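Trainee: predicted structure and sequence below. I'll ask about it afterward.
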Amino acid sequence: MKTRVFSGIRPSGKLHLGNYLGAIKNWIELQNSAHQSIFAVVDYHGITTPYDPKTFQQQIMDVVLDYLAAGIDPDKALLIRQSKVPQHTELAWLFNTITPVSWLDRLPTYKEQLEKSPKYNHMGLLDYPVLMAADILAEKSNLVPVGEDQMPHIDLANEIAKKFNSMFGQTFEPVKAKLTEGARIMSLQDASKKMSKTPQSGKVAAGQAGDESCIFLVDTPDTIRAKIKRAVTDSGKEIYYNDEEKPAISNLITIFHLLSGKEIKNIEAEYEGKSYVDFKNDLAEVVVEFLKPFQTKRKEFEDNPKMVLEILEKSEEEARELASKTLKEVKEKMGLL
Ligand code: TYM
């Protein structure tokens, strides 16, 4: 079976280490082996939570630049803005007609978002996972590299695909999620919450200086050092990995491990008897060094907006062609053509 990869990120702020380790790191590896890879900036999903229309285009371009700098290769993968491939939203409408509301209002992500932004209780938020299913299935993708929080959405995409197949005939293959080791990177300020860029109502907007819980891929070395210095730690002085006893330090060890390539047991041995301060100082340098080439590459793309736009437009054209085929098939089966 041919592997066709699809994944996306909302343009709701600059990307952080959680997005990189939970999703993009996986994408870079997959684009080399997959038959087809499509990576999207999911702008229609981005407007389901509070956002500023005045800065939204910039936020979309920020994610595009982050993708390219992280190593998404336009020769191997398509890089698209979701709203430029309207077949996805069209398929979402068709899926809406076969998706029971009870499949959506029980989802943990829906409940979490409502808690964060109670005023944003609208159809778009409830329907969010149906559009995500359409993103994946419109391109007939079968492998979706994501962080752990997206698992319920992948299950839902499979439920919708199965229901469509049973109502209208075999059309969609099962979709598999692909989780990375960093599938759940936690906030630097509260290890019980995931690192998140979505602005909390009334708090500092995502991506702005002062957002202490996230390390953004574009943070300066000094900002990174300051954030890691202020990251919460657990009680007790020992440095070892144990998710339950030591959630905060375990999260920092995970970041250290994934960015440096050092095994967790070697990190534990290296810091035995040392202080949190020593560990944090070294971790800050690991993060700074890791992000240096990323930031240089990002600047090169940033200085060449024409080339970036060409990459997007070419990819979007191809994605529209692929998705049109699916839509034609779906509409025929549903009696719409
Ligand atoms: P979004 O924008 O919330 O997150 C993008 C990706 O980053 C991962 N992620 C994390 N991974 C580890 N630790 C964290 N702290 C962390 N925070 C975020 C997420 O799991 C995700 O993989 N619904 C999706 C976007 C989407 C999509 C799709 C994904 C729309 N259509 C089709 C795949 C396929 C979302 O909101 O991601």
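Mentor: Right, received. Where do you want to start?

Trainee: show me the contacts for whichever residue of the chain sits closest to the ligand.
Mentor: Of all residues in the chain, Gly22 sits closest to the ligand, at 1.9 Å by C-beta to the nearest ligand atom. The C-beta positions use only the backbone N, C-alpha and C, and glycine is treated the same way. Applying C-beta atoms under 8 Å, 6 or more residues apart in numbering, we find Gly22 in contact with Val146, Gly147, Glu148, Thr180, Gly182, Ala183, Arg184, Ile185.

Trainee: which one is the second one nearest to, not counting chain neighbours?
Mentor: If you skip the residues right next to it in sequence, Gly147 has Gly22 as its closest partner in space, 3.1 Å away by C-beta to C-beta, 6 or more residues apart in numbering.

Trainee: hmm, who's touching the helix or strand harbouring Ile160?
Mentor: Secondary structure from DSSP states H and E places Ile160 in helix 151-168. Contacts made with helix 151-168 from outside it, assessed by C-beta under 8 Å, 6+ apart, are listed as 95, 98-99, 103-104, 107-109, 129-130, 132-133, 136-137, 144, 146, 171-177, 179, 330, 333-334.

Trainee: just the buried positions in it, please.
Mentor: Using 16 or more other C-beta atoms under 10 Å as the burial criterion, the residues of helix 151-168 that qualify are 151-154, 156-161, 163-164, 168.

Trainee: which among the residues you listed gets closest to Trp27?
Mentor: Sorting the buried residues of helix 151-168 by distance to Trp27 puts Ile154 at the head of the list, at 15.4 Å, by C-beta to C-beta.

Trainee: Lys140 versus Leu252, what's the distance?
Mentor: 40 Å (C-beta to C-beta, to the nearest Å).

Trainee: which one's more surrounded, the two?
Mentor: Applying other C-beta atoms under 10 Å to Leu252 and Lys140 shows that Leu252 carries more neighbours, namely 25 against 19.

Trainee: what's in contact with the helix or strand harbouring the more buried one?
Mentor: Applying DSSP H and E as the criterion places Leu252 in helix 247-260. The set of residues that contact helix 247-260 without belonging to it, under C-beta under 8 Å, 6+ apart, is 17, 21, 25, 181-182, 185-186, 188, 191-192, 228, 231-234, 239-243, 262-264, 267-268, 276, 279-280, 282-283, 286-287, 290.

Trainee: do the same with stretch 312-323
Mentor: In contact with stretch 312-323 (C-beta under 8 Å, 6+ apart) are residues 36, 38, 64, 74, 77-81, 84-88, 91, 138-140.

Trainee: mind running it again at 7 Å?
Mentor: Outside stretch 312-323, the residues that touch it by C-beta atoms under 7 Å, 6 or more residues apart in numbering are 38, 64, 74, 78-81, 84-85, 87-88, 138-139.

Trainee: again, but for stretch 127-134
Mentor: Outside stretch 127-134, the residues that touch it by C-beta under 7 Å, 6+ apart are 44-45, 48, 88-89, 91-92, 95-96, 99, 104, 107, 153, 156-157, 160.

Trainee: quick check: Val330 vs Gly169, distance?
Mentor: Distance of Val330 to Gly169, given as C-beta to C-beta: 10 Å.

Trainee: looking at these two, which one has more neighbours?
Mentor: For Val330 versus Gly169, neighbours defined as other C-beta under 10 Å are more numerous around Val330 (23 against 9).

Trainee: who are the neighbours in contact with that one?
Mentor: Taking C-beta under 7 Å, 6+ apart as the definition of contact, the neighbours of Val330 are Leu91, Leu94, Thr171.

Trainee: out of these, who's the most crowded?
Mentor: The member of the contacts of Val330 that has the most neighbours, counting by other C-beta under 10 Å, is Leu91 with 25 neighbours.

Trainee: now for Val277: which residues touch it?
Mentor: Applying C-beta under 7 Å, 6+ apart, one finds that Val277 lies in contact with no residue.

Trainee: need the pLDDT of it.
Mentor: Taken from the predicted model, the pLDDT recorded for Val277 is 95.

Trainee: wait, Leu114 touches Pro108, no?
Mentor: No: with contacts defined as C-beta atoms under 7 Å, Leu114 does not count as touching Pro108, sitting 10.7 Å away.
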